[in-house]
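Asker: coordinates only, sequence not included:
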Ligand code: WT7
């Protein structure tokens, strides 16, 4: 069986535990037994891989830990720097007890990430290589751009922005679906040193307004409408409402540059505010196709991306230029074993970090051909992904477990009727991938031929932190395996003590890495409190994790008040704040529950105002409230009427109990005697099916 081979298993990373087990399992034939569940890359794959054995990985990892400055500056030297960084490759303080948290990489180095993504590749002879294959929502609708063409488009937009007063350091909000204009917009901002803040186009007007008010852009880039699956979504109407809202809150946006997406609507059907709104196509073509680069310091901000935390207010994660550039480029290259002949498709939207680091920057820094898909992955039928894979001969396919689980529910023939023989590496991100989804992805989609890179990382980390290198390691379905170069994960107990060997606890990271976020926009204190104070001396990820006897890392999900719905991160507090805005809602408490496709679903306990009767209509209007406040992706799956909530005598909601009730584990409610009113629990149980 070509899936597994015996060599290169003689050593594991330090702290990895015993290796006897690993050596024992390689004799297995088909899939190994449960506890010896290892899947080896084929000899053919490892033979051609950038990192082809555990030893090679370990040597590189060791070097990256022993001398991070040398390791990363060697890699950074492969990119274009107008001026080299100073003597210190990096400096950091990750210990709140020693002063403010600060991380700097390549400080003093002058560069531009857009230049490195485009000009550098064109100059290296890749001008005629396809940069983007764009696949529209409808079958047969597509377009493509070479690296030279992409550079020209980016320059035209960059010139427009400059001409309209956008300067280095200014924020630009981008609210676009997966049109080519989305990566173009990001790169155009980067080219002129503007700080892009992409807001996922599934967010509501209120959420968009909240982000606009926080970062105060003068320009927003959007389009009039988009088709997603069978639906048409009028994005411009959402933007209009957001701009009304934000001007009431004191931030008025001067220009709304609107791409006319004639595939989804018409100009006549688009509401227009003269003076503020400008049609993209009417102005951009008048601008020159070349544009001087704004050279920036490695530590100048590149982008802001809002993400959810455990309070209602989203956090503006700030990434800077140089370290992020080197880190996304390197992680992309190694985790997907990238070769210049690859065609790469990541199904994520550029509205999330995955689309920043692994649709736009990481791949383009490597001169890769990237598929950008506008539509829904199950439209017009569940075979669409494999249709796209065959059409563009996709060789690296990166997606989320939720999509795998949803496609797995349909007949395998939707997959097997397509050839998929171009595929060589698969990837997974967003949440832990359950072993049965892993196996289906591996066996059915990848024909038991393609290694899966299960990449653990976060908006905050900029790039992959724990991930297989597909040619190096035997994989265990459901484990993200080992740390990337330069990353030192540690598992700590409640008190913040590091635990060695086989264990479970809180996942932290020791030391900085180039792609780490540098602050939360406008709130460095929250940055320190959330990430560096819980376990002094470490970056705290918010995830639980265990390490097995072979040293493999297994992510077990969030340990804070954040839930992960279809790989989208949602703060329970955000959903609660939206619910209590409903005029009949007195109080709400939200917990995550297991969901077959989404990973986690949103379960909301709602206390109504005195005397308001329960009704289906009210339930619907509560859900609608959340859709309007946050976005459809955050809509609660279940509303549970709650005459009261279980609270301690000091008024703290005991979510542990709510989680047990939500998952109907009623025998495991635990001690309820500390509740201010223990009878609340019986009332809740009685209403479970109402
Ligand atoms: C959270 C970060 C990073 C890209 C997408 C989400 C969870 C992410 C994995 C994985 C287990 C994962 C974690 C993490 N997560 N990837 N491969 N295995 N869990 O970015 O919105 O910043 O969410 O997603 O819980 O903390 P994000």
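Answerer: Everything's here; your move. On a predicted model such as this, the values are computed, not experimentally measured, just so you know.

Asker: correct me, but residue 460 touches residue 517?
Answerer: Yes. The criterion here is C-beta atoms under 8 Å, and residue 460 meets it with residue 517 at 4.8 Å. C-beta here means a position set from N, CA and C on the backbone, and glycine is covered the same way.

Asker: show me the contacts for whatever residue of the stretch 351-500 of the chain ends up closest to the ligand.
Answerer: Of all residues in the stretch 351-500 of the chain, residue 459 sits closest to the ligand, at 3.3 Å by C-beta to the nearest ligand atom. By C-beta atoms under 8 Å, 6 or more residues apart in numbering, residue 459 lies in contact with 305, 307, 317, 352, 353, 517, 569.

Asker: Pipe those into CSV and attach pLDDT and distance to the ligand per row.
Answerer: Listed next are these as CSV, based on pLDDT from 0 to 100; distance: C-beta to the nearest ligand atom, whole Å:
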residue, pLDDT, distance to the ligand
305, 98, 9
307, 97, 5
317, 98, 8
352, 98, 6
353, 98, 5
517, 98, 10
569, 94, 4
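
Asker: Mind checking which of those land in helices?
Answerer: Within these, residues falling in helices by DSSP state H are residue 353.

Asker: burial count for residue 651?
Answerer: 8 (other C-beta atoms under 10 Å).

Asker: Tell me the pLDDT of it.
Answerer: Looking at residue 651, its pLDDT reads 91.

Asker: any idea how far residue 178 lies from the ligand?
Answerer: 16 Å (C-beta to the nearest ligand atom, to the nearest Å).

Asker: And residue 513, by the same measure?
Answerer: 14 Å.

Asker: Which residues does the one helix or strand residue 282 maps to contact?
Answerer: According to DSSP states H and E, residue 282 maps onto helix 280-284. Residues from elsewhere that reach helix 280-284 (C-beta under 8 Å, 6+ apart): 156, 157, 160, 181, 221, 223, 257, 258, 259, 260.

Asker: Over to stretch 303-316?
Answerer: Under C-beta under 8 Å, 6+ apart, the answer for stretch 303-316 is 171, 186, 189-190, 195-199, 207, 210-211, 214-215, 317-319, 352-353, 356, 459-460, 520-523, 526, 530, 560-562, 569-574, 576-577.

Asker: 7 Å instead?
Answerer: Under the contact criterion C-beta atoms under 7 Å, 6 or more residues apart in numbering, stretch 303-316 has outside partners 171, 195-198, 210-211, 214-215, 317-319, 353, 356, 459, 520-522, 526, 530, 560-562, 569-571, 573-574, 577.

Asker: Pull the contacting residues for residue 506.
Answerer: Taking C-beta under 7 Å, 6+ apart, one finds 491, 492, 535, 540, 544, 559 in contact with residue 506.

Asker: With residue 435 instead?
Answerer: Neighbour list for residue 435: 477, 478 [criterion: C-beta under 7 Å, 6+ apart].

Asker: That one and residue 315, how far apart?
Answerer: Separation of residue 435 from residue 315 (C-beta to C-beta, to the nearest Å): 32 Å.

Asker: do the same with residue 153
Answerer: Counting by C-beta to C-beta, the gap from residue 153 to residue 315 is 32 Å.

Asker: what does residue 171 give?
Answerer: Residue 171 is 15 Å from residue 315, where distance means C-beta to C-beta.

Asker: Residue 309 too?
Answerer: 5 Å.

Asker: that older thread, which two of the contacts of residue 506 have the greatest separation?
Answerer: Using C-beta to C-beta, the contacts of residue 506 reach their maximum pairwise distance at 535 and 544, which is 13.1 Å.

Asker: Pick out whichever of those two has more residues nearby.
Answerer: Between residue 535 and residue 544, counted using other C-beta under 10 Å, the more crowded position is residue 535 (20 against 17).

Asker: what does this protein have sitting close to the ligand?
Answerer: Contact residues (C-beta under 6 Å from any ligand atom) of the chain with the ligand: 307, 353-354, 428-432, 454-459, 480, 541-543, 555, 557-558, 564, 567, 569.

Asker: Nearest to the ligand within the stretch 1-150 of the chain, name that residue for me.
Answerer: Counting by C-beta to the nearest ligand atom, the stretch 1-150 of the chain gets nearest the ligand through residue 39, at 16.3 Å.

Asker: sorry, back to before: closest to residue 61 out of the contacts of helix 280-284?
Answerer: The closest of the contacts of helix 280-284 to residue 61 turns out to be residue 181 (C-beta to C-beta; 39.2 Å).

Asker: wait, what's in contact with the residue nearest to the closest one when sequence neighbours are not counted?
Answerer: Computed as C-beta to C-beta, 6 or more residues apart in numbering, the closest residue to residue 181 that is not its neighbour in sequence is residue 259, at 5.1 Å. Applying C-beta under 7 Å, 6+ apart, one finds that residue 259 lies in contact with 179, 181, 223, 280.

Asker: Okay, and which of these map to helices?
Answerer: 181, 280.

Asker: Export the contacts of residue 259 as CSV, with columns for pLDDT and neighbour count.
Answerer: Conversion of the contacts of residue 259 to CSV gives the following (pLDDT from 0 to 100; neighbours: other C-beta atoms under 10 Å):
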residue, pLDDT, neighbour count
179, 98, 22
181, 98, 23
223, 98, 24
280, 98, 20
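
Asker: Looking at the contacts of residue 259, which is nearest the ligand?
Answerer: residue 179 (21.4 Å).

Asker: pretty sure the closest one contacts residue 224?
Answerer: No. With contact defined as C-beta atoms under 7 Å, residue 179 does not reach residue 224; the gap is 11.3 Å.

Asker: Name the residues contacting each of those two.
Answerer: Taking C-beta under 7 Å, 6+ apart as the criterion, residue 179 and residue 224 both touch residue 261.

Asker: In strands, which of the residues of the chain next to the ligand fall?
Answerer: 307, 428, 454, 541, 542, 543, 555, 557, 558, 564, 569 (DSSP state E).

Asker: Now the two most distant members of these.
Answerer: Greatest spatial distance in these: 307 and 454, 20.8 Å, computed using C-beta to C-beta.

Asker: Please identify which of those two sits among more neighbours.
Answerer: A count of neighbours by other C-beta under 10 Å puts residue 454 above the other of residue 307 and residue 454, at 26 against 19.

Asker: which ones are touching that one?
Answerer: Applying C-beta under 7 Å, 6+ apart, the residues contacting residue 454 are 428, 433, 467, 468, 480.

Asker: Which residue ranges of the stretch 51-200 of the chain form strands?
Answerer: Along the stretch 51-200 of the chain, counting by DSSP state E, counting those that start in this stretch, strands occupy 90-93, 102-105, 110-111, 130-135, 142-146, 171-175, 195-198.

Asker: Out of these, flag the one nearest residue 84.
Answerer: That would be strand 110-111 among the strands of the stretch 51-200 of the chain, by C-beta to C-beta, at 8.3 Å.

Asker: show me where pLDDT drops low in this protein?
Answerer: 1-36 (pLDDT under 70).

Asker: what about the residue lying closest to residue 291 once chain neighbours are set aside, neighbour count?
Answerer: Nearest residue to residue 291, sequence neighbours excluded (C-beta to C-beta, 6+ apart): residue 155, at 3.8 Å. The tally of other residues near residue 155 (other C-beta under 10 Å) stands at 25.

Asker: ok now do residue 155, which residues does it touch?
Answerer: Per C-beta under 7 Å, 6+ apart, neighbours of residue 155: 288, 289, 290, 291.

Asker: Got a quick PyMOL command for the buried subset of those residues?
Answerer: A single PyMOL command is used to select the members of the contacts of residue 155 judged buried by 16 or more other C-beta atoms under 10 Å:
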select buried, resi 291
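
Asker: Closest to residue 99 out of the contacts of residue 155?
Answerer: Of all these, residue 291 has the smallest distance to residue 99: 40.5 Å, by C-beta to C-beta.

Asker: For that closest one, which residues are in contact?
Answerer: Counted by C-beta under 7 Å, 6+ apart, residue 291 has contacts 155, 158, 159, 191.

Asker: ok, and the most crowded of the residues you listed?
Answerer: The most crowded member of the contacts of residue 291, judged by other C-beta under 10 Å, is residue 158 (29 neighbours).
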